[in-house]
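1. build me a model:
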Amino acid sequence: MSTREDPTAFEQWEVVELAASTPQPAEDAAAELARLREAARAEGYAEGFAAARAEGEQACAGMRQLAESFSTTLDNFDFRLADMVLELALDVARQVIAGELAARPERILDVVNLALKQMAETNREARLLLNPDDAALVRPHLDQVLDKNRLRIVEDARIVRGGCLIETGQGDLDATLPARWRQVVQVLGSNKNWID
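-> Below is the predicted model of the structure:
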């Protein structure tokens, strides 16, 4: 008599057969898990790569914009610096000219001679307007060479020392210091007046 505890050969065969015919879930689960893990890793890698690429492109765009902004700021600074240097140079030039005229007021003779050379020949009367201080210097030198019927020296306190104005019937020749200064600063691209 057999006890229930000992399986029969048939029962053993069935269990063995059953065990051999059923798939082994642990191996399949491990393979499926490995496949899922690989798929998830590939998908995560692709998503991470895409996100990193987008973030990198955004960072590059920001850097590009910053570089362009820096370049524009640098250009603006260069222009402002150039303007400041020009203004400083003009201020220094104005002070040097004023100092030179104060130290050597006879320089007005050069200005008057140049203006007279530029004046068109005219048979009509012309007036040479000078600052009263400059007129005192010019009159003794020009009285000998000027035709007093053609050119008359007129003292005018509105004329800044160091310049003159010749008025003729055909037009005026403005050799005043502010007019000559305007010509210089216009060439230099500034609009700084003689008196600012």
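2. quick check, pLDDT for E121.
-> Listed pLDDT for E121 reads 63.
3. start the count at 55, not 1, going forward
-> Right, with 55 as the first residue, what we last looked at is E175.
4. after the helix or strand of the chain with the lowest mean pLDDT comes which helix or strand?
-> Least confident helix or strand, the chain: helix 63-75 with a mean of 54, by mean pLDDT, DSSP states H and E. Sequence order places helix 79-157 as the next helix or strand after helix 63-75, per DSSP states H and E.
5. check which element follows that following helix along the chain.
-> helix 162-172.
6. tell me the pLDDT at the spatially most central residue of the chain?
-> Closest residue to the average C-alpha location of the chain: N130 at 2.2 Å, with Cα atoms, centre = their mean. In this model, N130 is scored at 82, pLDDT.
7. give the contact list for it.
-> Residues near N130 by Cβ atoms under 8 Å, 6 or more residues apart in numbering: none. For glycine as for every other residue, the C-beta is placed from the backbone atoms N, C-alpha and C.
8. quick one: it and A88, what's the gap?
-> 62 Å (Cβ to Cβ, to the nearest Å).
9. ditto for E109
-> In terms of Cβ to Cβ, E109 sits 31 Å off from A88.
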